[in-house]
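Trainee: sequence plus predicted model, see below.
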Amino acid sequence: MKLLDKKTGIDLTKLLIFIVVTTVATGVLVVTIGNLSFAGSKDYKAVFSDVTGLNTGDDVRIAGIRVGSVIAIDIIDDPSDDAPEGATQAEITFSVQDGTALTEATNATIRYRNLVGQRYIALTEQIGGTSTLAPGGTIPPDQKTDALDLTLLFNGFKPLFEALSPDDLNKLSFEVIQVFQGQGGTLESLLQSTASVTQTLADRDAVIGQL
């Protein structure tokens with residue numbers, strides 16, 4: 001009986017250790033996947049006319065570093081004085097970590113995170129006022145850049161894409177996105193790709209004629 005009780009105690013200890021380790025590992029996984037942060041934060045708002053592809057939980061970044069996330073996306077009446085009756089816009093509520101100060105010159109831009117279509121909000125400081133934007137404040141309308149509708153853009157390139165090889169198509173698509181994200185160093189590479197595409201099209205007069 002004592003031997004049985006001892007074995008039962010060992011098994012119970014092993015089970016408890018397994019439960020604790022599994023719970024901790026699950027918690028770490030949830031925090032990592034969900035980009036959760038337990039540090040203090042402040043909320044701000046920005047109004048956009050187009051937030052296509054942006055979702056709650058998406059990153060808010062400064063210089064490529066995640067400093068917060070999108071909390072809510074709401075539809076509001078267009079606050080512009082010259083807006084037609086019934087016009088609406090999207091109001092984004094987002095958080096940034098304590099210690100990250102926004103100013104009256106902070107610019108908010110919705111950018112592509114990857115080719116799948118995920119977005120994030122990029123915050124940059126422009127030339128202007130240096131006064132700190134109070135928590136809960138709204139970034140002025142003239143200091144935001146709406147989301148680029150990449151689907152509409154690529155639909156315009158559809159005849160061109162049909163004449164390209166898959167490798168050329170992937171390279172050109174990637175470089176177009178890099179340029180629209182403000183990475184000017186990619187412009188030279190994009191022009192080189194465009195020149196290559198032009199040469200390819202010149203060699204495919206029959207395909208162009210059919211298009």
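Mentor: Done, it's in.
Trainee: now the helices for this structure?
Mentor: 2-33, 150-156, 158-162, 166-180, 187-202, 205-210 (DSSP state H).
Trainee: any idea of the mean pLDDT for the fourth one?
Mentor: The predicted model assigns helix 166-180 a mean pLDDT of 70.
Trainee: ok, the second one next?
Mentor: Per-residue pLDDT values over helix 150-156 give a mean of 67.
Trainee: for the last one, same thing?
Mentor: Averaging pLDDT along helix 205-210 yields 60.
Trainee: could you list the low-confidence segments of this protein?
Mentor: Under the criterion pLDDT under 70, the flagged ranges of the chain are 1-7, 30-39, 115, 128-129, 148-154, 157, 160-161, 163-164, 176-211.
Trainee: any idea how far T93 is from I71?
Mentor: Here I71 is placed at a distance of 5 Å from T93 (Cβ to Cβ, to the nearest Å). The way it works is simple: take the backbone N, C-alpha and C, and place the C-beta from them, glycine included.
Trainee: go on, Y44?
Mentor: The gap separating Y44 from T93 is 8 Å, by Cβ to Cβ.
Trainee: same check, this time on Q118
Mentor: 19 Å.
Trainee: same drill for those two, tell me which one is more crowded.
Mentor: T93 (16 against 13; other Cβ atoms under 10 Å).
Trainee: beta partners of the more buried one?
Mentor: Per DSSP bridges, the residues bridged to T93 are K45, A72.
Trainee: kindly export stretch 131-147 (C-alpha atoms) in CSV.
Mentor: Extracted in CSV, the C-alpha atoms of stretch 131-147 (Å, rounded to 0.1, in the frame of the first residue of the first chain):
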residue,chain,number,x,y,z
SER,A,131,3.7,70.5,-29.3
THR,A,132,2.7,67.1,-27.9
LEU,A,133,-0.5,65.6,-29.1
ALA,A,134,-2.7,65.0,-26.0
PRO,A,135,-3.9,61.4,-25.4
GLY,A,136,-7.2,60.9,-27.1
GLY,A,137,-6.3,63.5,-29.7
THR,A,138,-6.9,63.1,-33.4
ILE,A,139,-4.1,63.4,-36.0
PRO,A,140,-5.1,66.3,-38.4
PRO,A,141,-6.7,65.3,-41.8
ASP,A,142,-3.8,66.9,-43.8
GLN,A,143,-1.3,64.7,-41.9
LYS,A,144,-2.6,61.3,-43.0
THR,A,145,-2.2,59.1,-46.1
ASP,A,146,-5.0,56.7,-47.1
ALA,A,147,-4.5,53.0,-48.0
